[in-house]
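Enquirer: the following comprises the amino acid sequence and a computationally predicted model.
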Amino acid sequence: MNNARRFYRSWHKGRFHSFSVGYKETDLWIGVDKTYEEMPEATLQFITRLRQQLEDYIKQNPVFLTSFKPVNDPIAVGIVRKMLDAAELAHVGPMAAVAGAVADQVGSFLSYEFGCREVIVENGGDLFVKVQQPIVVSIFAGNSPLSGRIGLEVPAGNYGICTSSGTVGPSISFGKADAVTMVARSGALADAFATYYGNQIRQPSDVRSILNSPLHPEVDTLLVIIGNTMGTVGKHQLRILEGGGNDESY
């Protein structure tokens, strides 16, 4: 894993106790309101089992890994079920939801096993967020001059906050946006819809047409950054940040 490319993890203000866990391609930064000595190892064992579930399913159903369209499997369970359902709603392939779905599962695990009241799980820039006080999440948008200068404030509650980019990172996007950030009720949904909307942004003029279209009912907020152009629509308040992310972000 190349942790240098995760520099945005240093933007958090220290509100949370934090640790990192990695296994294969999964690379997590985790913030919690209380920590225990055994928490990192327990989290590692959990994501190891989670990855094994996905790998076993893909061996039996390789189309799950490669499809850019929803895949039907009425008997799938667990994380696979969540990814399939999110992909169906967003009209994308199921792997578009994988980072958000993993963040969801780990966040729920920490909440249940350790009684955490506040949890952030960041998986390649995709977030599971469970907070009891409002929080501002800063948006990393690659080489855009707006990167780290824009944030979304979310109130107390549980959210998935995920970003798709056509210019940053290894994930496949058919668009050219520097960042398309979604807030939804789960990471799997936010991740899948970030891909869906991100695929549609190929030039700055696309931002207006996307924002003028009805927002999908499964999505709370959409924020788009491409170069110098930015737009947002939805329930959550936009915040302008002054310190490259590190003054107001989590």
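Expert: Nice, thanks for sending it over. Owing to the predicted nature of the structure, the values given are computational and were not obtained by experimental measurement. Residues are numbered from 1 along each chain as shown.

Enquirer: what comes up buried for stretch 52-68?
Expert: L54, Y57, I58, F64, L65, S67 (16 or more other CB atoms under 10 Å). All C-beta spots, glycine's among them, are computed from the backbone N, C-alpha and C.

Enquirer: between those, which sits nearest V168?
Expert: L65 (22.2 Å; CB to CB).

Enquirer: let me see the confidence value for that closest one.
Expert: As summarised for this prediction, L65 has a pLDDT of 97.

Enquirer: the one 10 residues further on too?
Expert: For I75, the pLDDT comes out at 95.

Enquirer: using the three-state scheme, assign it.
Expert: Counting by DSSP: H, G, I helix; E, B strand; the rest coil, the backbone at I75 sits in coil.

Enquirer: surely S173 is in contact with Y197?
Expert: No: counting by CB atoms under 8 Å, S173 does not reach Y197; the two are 10.1 Å apart.

Enquirer: overlap of the contact sets of these two?
Expert: By CB atoms under 8 Å, 6 or more residues apart in numbering, S173 and Y197 have these common neighbours: S164.

Enquirer: which one of those two has more residues nearby?
Expert: The neighbour count for S173 versus Y197, taken as other CB atoms under 10 Å, is higher for Y197 (26 against 19).

Enquirer: and D104, which of the three is it?
Expert: helix.

Enquirer: show me what the residue nearest to the spatial centre of the chain is bridged to.
Expert: Nearest to the mean C-alpha position of the chain, counting by CA atoms, centre = their mean, stands D126 at 2.1 Å. Beta-bridge pairing for D126 (DSSP bridges): N123.

Enquirer: quick one: residues contacting it.
Expert: Residues near D126 by CB under 8 Å, 6+ apart: A99, G100, A103, G160, I161, C162, T163, G187, A190, D191, A194.

Enquirer: gap between it and A99?
Expert: Per CB to CB, to the nearest Å, D126 is found 4 Å from A99.

Enquirer: joint contacts of these two?
Expert: When contacts are counted by CB under 8 Å, 6+ apart, D126 and A99 are jointly contacted by C162, G187, D191.

Enquirer: what about the last one, neighbour count?
Expert: By that I understand D191. Around D191 sit 37 other residues, with neighbours defined as other CB under 10 Å.

Enquirer: next one: G115
Expert: Using other CB under 10 Å, G115 is surrounded by 11 other residues.

Enquirer: do you know the pLDDT at it?
Expert: Looking at G115, its pLDDT reads 96.

Enquirer: state the distance from it to D33.
Expert: Here the criterion is CB to CB. By it, G115 lies 10 Å from D33.

Enquirer: now tabulate the shared contacts of D126 and A99 in JSON lines and tack on secondary structure and distance to S20.
Expert: Converted to JSON lines, the shared contacts of D126 and A99 look like this (DSSP: H, G, I helix; E, B strand; the rest coil; distance: CB to CB, whole Å):
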{"residue": "C162", "secondary structure": "strand", "distance to S20": "19"}
{"residue": "G187", "secondary structure": "helix", "distance to S20": "18"}
{"residue": "D191", "secondary structure": "helix", "distance to S20": "20"}
